[in-house]
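Asker: sharing a model that was predicted from the sequence below.
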Amino acid sequence: MRRLLLLILVGFAVSLTSCRNDFEFESRTGGLEFSKDTVYLDTVFTNIGSSTYTLKVYNRSDKNISIPSLRLKDGTASKYRLMVDGMAGQVFENVEILAKDSMYIFVSVTAEVADANPTDFLYTDKILFGDETNPNHQKVELVTLIQDAYFIYPGRVQNPDETYTYDELNLGVDGDGNPISIRGRFLEETHPANGNELHWNNTKPYVVYGYAAVPSNKTLVVDAGARIHFHAESGLIVANNASIQVNGSPSTTEALENEVIFEGDRLEPDFSEVPGQWGTIWFSQGSTNNQIKNLTVKNATVGFLVTGNDGTSTPTLDLENTQFYNCSNVGILARTGNIVGNNVVINNCGQASFAGSFGGSYEFIHSTFANYWSSSNQTVILLDDYDGSSIYALNKADFKNCIIYGSANLSINLKKEGTTFNYSFDHCLIKFADYSNQFTNNPLYNFSNSSLFNNCLIARNSTNNNPDFKDARNNELIIGEDSAAKGTADFNFSSGTFDILNNSRTNPSDIGAYNWTTFD
């Protein structure tokens, strides 16, 4: 009986197999539909591979078809790469698509600026479906903009095991006396490929791999309109006795033609606002006379990291018209720093917009500190004087005519351990919605103490003293005509100054980096 049952099951399986019809494919050129007629691969730097883009091909007919030829017009000479049915290449034959089905083609490119059209720097090709001699053939255009650049990267030496040893920068030693290093190199005044690397111009972008360091007793000068792109885990270090001068100037168009921009090297629109794409600009202990004007820093881990100062009363870092957006940790992280800033704007940071840690000296006038990070654990302003083992003097932390506001209830976080903890907020708009009354009796937040909070507007909930930002979550922090900051600044700090958009401040002036405007 068991043998008979086994024979029946085997016979049933065979009968099912024998009923299956093999797929038959009709060779056909034409009649396909596409998800797009042109695939635009966004701007890439010369010789740097693009992201992968997708084209979907539809067979709307009732028949299984075989495309006799699917190829790039330039064939194997093309700089584009295709992935079709899991196979990589530039030329494919007899590509099959079932009836009422579709397939994906994945497209990427790596090209040099010399490959592009010299008049518009566009590099183009097309995917041909069928031979060009066939009148029914179809095509999809491929277009990408190739941008030339100066590339700054550490040298490397190939090891016998085919790995590489890269140039590294020595950062000192850790608590156990072990050396600390990071992949990178010092900038050179006479580099064979880039010319004077201590003078970044606006003729073409700079792309930095690893950490570029400004040598001691040297100054990096960045011209107005320069565009600096940092690869993942890359950044800039200003060494002991070194300086940086960013000489941006006001722009007259939305292209920000005179603004200096520091951002990541992913140029696709989907990456334009993604935090944490690169490391930081690090002002190390002893860096001096750093002057920053009209600079935007985007999508870093920490926008500016300031560790120490030069030991003088002159600010180590002087900021004017400087913006920081989408930093995954902190916009400006200063540890015993010495900073002054006018028209500073910071928004969307994972931990804090500005952190003045381990004491220091700070003064900000007409600045807008906001934080609309997606979580509720972040703050806007953090001040502390303790690193876990030592207490430092907070000699000064003065905020004048500043907006300090965000999505979290409490926009300032004060942590005092020592005796020298000097701070003041003068004519500031501050969000501090202490719904649980946990800080009611805390002297650090005594908003009636005019020596700490002079003529400040305290937003104790989400509706009163609202700054009326245009679109804070998208980093549009200009204020509207309904803003509580409108006309409530101290003109003594405003007289003769311009807002971050280069508009003259008049009396009465507005709190924050922007003059108010009427929104469209």
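Answerer: Ah, there it is. Residues are numbered from 1 along each chain as shown.

Asker: thought Phe283 was touching Leu305?
Answerer: Yes - look at Phe283 against Leu305 with C-beta atoms under 8 Å: they come within range, at 6.9 Å. Bear in mind the C-beta positions are built from the backbone N, C-alpha and C, glycine included.

Asker: quick one, which of the two is more surrounded?
Answerer: Shown here are Phe283 and Leu305; by other C-beta atoms under 10 Å, Phe283 has more neighbours (29 against 22).

Asker: can you report phi and psi for that one?
Answerer: With angles defined as degrees, to the nearest 10, Phe283 sits at phi -90, psi 100.

Asker: next: Leu444.
Answerer: The phi/psi pair for Leu444 (degrees, to the nearest 10) reads phi -70, psi -30.

Asker: burial check on the residue lying closest to it once chain neighbours are set aside, number of neighbours?
Answerer: Closest residue to Leu444 apart from its sequence neighbours, by C-beta to C-beta, 6 or more residues apart in numbering: Leu414 at 4.5 Å. By the criterion of other C-beta under 10 Å, Leu414 has 18 neighbours.

Asker: repeat that for the one 10 residues further on.
Answerer: Neighbouring residues of Ser424 were enumerated by other C-beta under 10 Å; the total is 18.

Asker: identify the bridge partners of it.
Answerer: Taking DSSP bridges as the rule, Ser424 bridges to Asp398.

Asker: pull the helix or strand with minimum mean pLDDT from the protein.
Answerer: helix 2-19 (a mean of 44; mean pLDDT, DSSP states H and E).

Asker: show me the shaky parts of the chain.
Answerer: Along the chain, the model assigns pLDDT under 70 to residues 1-22.

Asker: can you tell me which residue is nearest the centre of it?
Answerer: Averaging the C-alpha coordinates of the chain gives a centre point, and the residue nearest to it by C-alpha atoms, centre = their mean is Asn299 (2.0 Å).

Asker: just to check, that one is in contact with Thr280?
Answerer: No - the criterion here is C-beta under 8 Å, and Asn299 misses it with Thr280 at 11.6 Å.

Asker: for the nearest residue to Gly418 once chain neighbours are set aside, phi and psi?
Answerer: Among residues not flanking Gly418 along the chain, Ile391 sits closest, at 3.9 Å (C-beta to C-beta, 6+ apart). Main-chain torsions, Ile391, degrees, to the nearest 10: phi -110, psi 140.

Asker: quick one: residues contacting Ile391.
Answerer: Ile391 is in contact with 385, 417-418, counting by C-beta atoms under 8 Å, 6 or more residues apart in numbering.

Asker: show me which of those is closest to His427.
Answerer: Closest to His427 out of the contacts of Ile391 is Asp385 (24.9 Å), distances taken as C-beta to C-beta.

Asker: is it true that the closest one touches Tyr392?
Answerer: Yes - proximity of Asp385 to Tyr392 meets the contact threshold set by C-beta under 8 Å, at 5.1 Å.

Asker: restrict whichever strand or helix holds Phe358 to CA atoms and write it as CSV.
Answerer: Assigned by DSSP states H and E, Phe358 belongs to strand 352-365. Extracted in CSV, the C-alpha atoms of strand 352-365 (Å, rounded to 0.1, in the frame of the first residue of the first chain):
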residue,chain,number,x,y,z
ALA,A,352,22.6,71.3,20.6
SER,A,353,22.9,74.2,18.2
PHE,A,354,25.6,75.9,20.3
ALA,A,355,27.5,74.2,23.2
GLY,A,356,29.9,76.3,25.2
SER,A,357,31.5,73.5,27.2
PHE,A,358,34.3,73.6,29.8
GLY,A,359,33.9,77.3,30.4
GLY,A,360,35.3,79.8,28.0
SER,A,361,34.3,83.2,26.7
TYR,A,362,31.5,83.8,24.2
GLU,A,363,29.6,86.8,22.8
PHE,A,364,26.8,86.7,20.2
ILE,A,365,24.9,89.6,18.9
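
Asker: pairing partners for that strand, with directions?
Answerer: Applying DSSP bridges, strand 352-365 is found paired with strand 330-349 (parallel), strand 381-384 (parallel), strand 394-400 (parallel).

Asker: point out the most buried one among the ones you listed.
Answerer: For the strands paired with strand 352-365, the largest average neighbour count (mean count of other C-beta atoms under 10 Å) is found in strand 330-349, namely a mean of 26.

Asker: strands along the stretch 401-520 of the chain, start to end?
Answerer: Assigned by DSSP state E, counting those that start in this stretch, the strands in the stretch 401-520 of the chain fall at 403-406, 412-415, 424-426, 429-431, 453-454, 457-459, 469-471, 476-479.

Asker: circling back to that earlier point, could you dump the strands paired with strand 352-365 to JSON lines with distance to Asn454?
Answerer: What follows is these, written out as JSON lines (distance: least, C-beta to C-beta, whole Å):
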{"stretch": "strand 330-349", "distance to Asn454": "19"}
{"stretch": "strand 381-384", "distance to Asn454": "16"}
{"stretch": "strand 394-400", "distance to Asn454": "9"}
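
Asker: re earlier: check the gap between the residue nearest to the centre of the chain and Asn217 for me.
Answerer: Separation of Asn299 from Asn217 (C-beta to C-beta, to the nearest Å): 31 Å.
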